[in-house]
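> Pasted the sequence and its predicted model underneath.
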Amino acid sequence: MDFTYTETQDMIRDTLSRFLSDSYDFEHRQKLIASDAGRDPGVWKALAQDLGMLGAAFSEEQGGLGGGALEHAIIMEEMGKVLAVEPYIPTVVVAGSALTAVGGPLAEQMIPAIIGGEAIVAFAYAEPQGRYNPANLRTTAKKEGGSYVLNGHKAVVYAAPWATHLLVTARTGGSQSERDGISLFLIDAKTAGISRRDYPTVDGNRASEVYFENVSVPADALLGAEGGALPLIEKIMDEATVAICAEAVGVMHKLHEGTLEYTQQRKQFGVPISKFQVLQHRMVDMFMEWEQSKSMTLMATLKLGLPDNERKAAVSACKAKVSRAAKFVGQNAIQTHGGIGITQELAIGHYFKRATLIEGQFGSHDFHMDRFEQLVLPD
């Protein structure tokens with residue numbers, strides 16, 4: 001398939017690449033993730049107000065640039081190249097897509113705030129017993145008069161320490177793991193009864209365990225119909241999965257590039273180790289995994305608008321491939337560098353950490369292989 005990016009998409013990539021290379025050079029990133037805040041709010045503000053990147057995938061009617069999933073992929077690939085810790089996926093991809101799908105007064109209020117960089121949304125969907133199943137919920141939301149009262153625990157909620165709002169999945173009916181009875185709420189993060197335990201993740205991001213204890217929210221915090229949110233949740237999770245695959249493509253790019261450069265500089269027996277045939281083969285294998293992942297991610301991005309089962313199959317095929325490729329490229333990068341590859345002072349080890357964590361986000365290789373098999377193979 002011959003695919004060419006538009007002039008606008010090329011402009012987004014080039015503009016963002018230049019900005020991130022200045023804002024996220026390795027030494028500066030190390031200082032950012034070690035700070036109390038774990039990020040520089042000025043970067044998010046610049047992405048929104050100076051560059052317009054947070055609106056790239058929204059329609060022009062919503063105040064955006066008229067893009068979509070391809071713009072998400074372009075942006076996340078560039079963020080992967082610099083290991084950016086910006087909360088783009090939970091805020092723009094997940095919350096933005098959910099609000100766009102549902103519409104209504106809350107969407108009209110929140111989407112401009114997201115585009116303008118004023119709102120940061122954390123996606124609180126995972127639970128300790130969930131095992132990648134968004135229907136496996138113990139968090140409940142009970143209707144009381146004109147409000148809902150939430151109780152439960154959400155695990156590893158990325159960007160929660162920075163969030164102004166939480167996008168929360170909760171059970172308003174049915175039993176645990178039942179597909180019906182699941183609802184989606186957008187909640188102010190400062191609502192009484194919400195508590196957090198914040199922590200840094202191994203790849204330099206920030207996440208939280210979020211607890212809801214008799215949290216009362218107004219009825220208009222509900223997105224869509226009560227008890228019928230699972231199809232929307234699955235859709236936005238698939239969009240997030242493809243976006244994180246695009247990030248992985250950017251990470252693998254830098255892993256391969258850094259390792260190739262190292263082999264050209266490191267010498268043994270008086271010659272660069274890039275002259276050794278076994279390492280030449282390794283560099284080719286890493287390059288092929290990266291290129292195949294790039295193609296699979298583009299394919300899945302273009303299929304996000306297909307009917308549910310076709311979309312899910314394409315996304316699972318992509319995530320399974322990218323998860324395995326990221327592991328392969330990362331491990332070979334570290335093996336080639338040797339012990340120095342896992343030191344704090346060398347960037348390659350930090351790319352390896354991010355590649356390793358991406359494998360488990362929004363479903364592991366094994367999870368997506370199993371989902372793909374269930375979708376495409378006859379009983």
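Sure, I can see it. Because the structure is predicted, anything quoted here is derived from the model rather than measured.
> Please report the distance of residue 210 from residue 187.
Separation of residue 210 from residue 187 (CB to CB, to the nearest Å) stands at 10 Å. To be clear about C-beta, it is placed using only N, CA and C from the backbone, and glycine gets the same treatment.
> where do the contact lists of these two overlap?
Among the neighbours of residue 210, those also in contact with residue 187 (CB atoms under 8 Å, 6 or more residues apart in numbering) are 166, 194.
> how much space between residue 158 and residue 85?
The value you get for residue 158 to residue 85, if CB to CB is used, is 9 Å.
> I should have written residue 133 there, sorry.
With distances defined as CB to CB, the gap from residue 133 to residue 85 amounts to 27 Å.
> So for those two, which sits in the more crowded spot?
Neighbour tally, residue 133 and residue 85, criterion other CB atoms under 10 Å: the higher count belongs to residue 85, 25 against 13.
> How about residues contacting stretch 296-316?
Outside stretch 296-316, the residues touching it (CB under 8 Å, 6+ apart) are 3, 69-70, 72-73, 231, 234-235, 238-239, 241-242, 245-246, 248-249, 317-319, 321-322, 363, 368-369, 371-372, 375-376.
> Buried only: go through those for me.
69-70, 72-73, 234-235, 238-239, 241-242, 245-246, 248-249, 317-319, 321-322, 363, 368-369, 371-372, 375 (16 or more other CB atoms under 10 Å).
> Please enumerate the strands of the stretch 101-250 of the chain.
Remark: strands assigned in the stretch 101-250 of the chain by DSSP state E, counting those that start in this stretch are 121-124, 140-144, 147-158, 165-171, 182-188, 194-200, 206-218, 222-223.
> Export the fifth one to PDB, keeping only CA atoms.
I take that to be strand 182-188. The C-alpha coordinates for strand 182-188 follow below in PDB (Å, rounded to 0.1, in the frame of the first residue of the first chain):
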ATOM      1  CA  ILE A 182     -20.900  -0.700  33.300                       C
ATOM      2  CA  SER A 183     -20.900   3.100  33.300                       C
ATOM      3  CA  LEU A 184     -18.300   5.800  32.600                       C
ATOM      4  CA  PHE A 185     -18.000   9.000  34.700                       C
ATOM      5  CA  LEU A 186     -15.900  12.200  34.300                       C
ATOM      6  CA  ILE A 187     -15.200  13.500  37.800                       C
ATOM      7  CA  ASP A 188     -13.400  16.500  39.200                       C
END
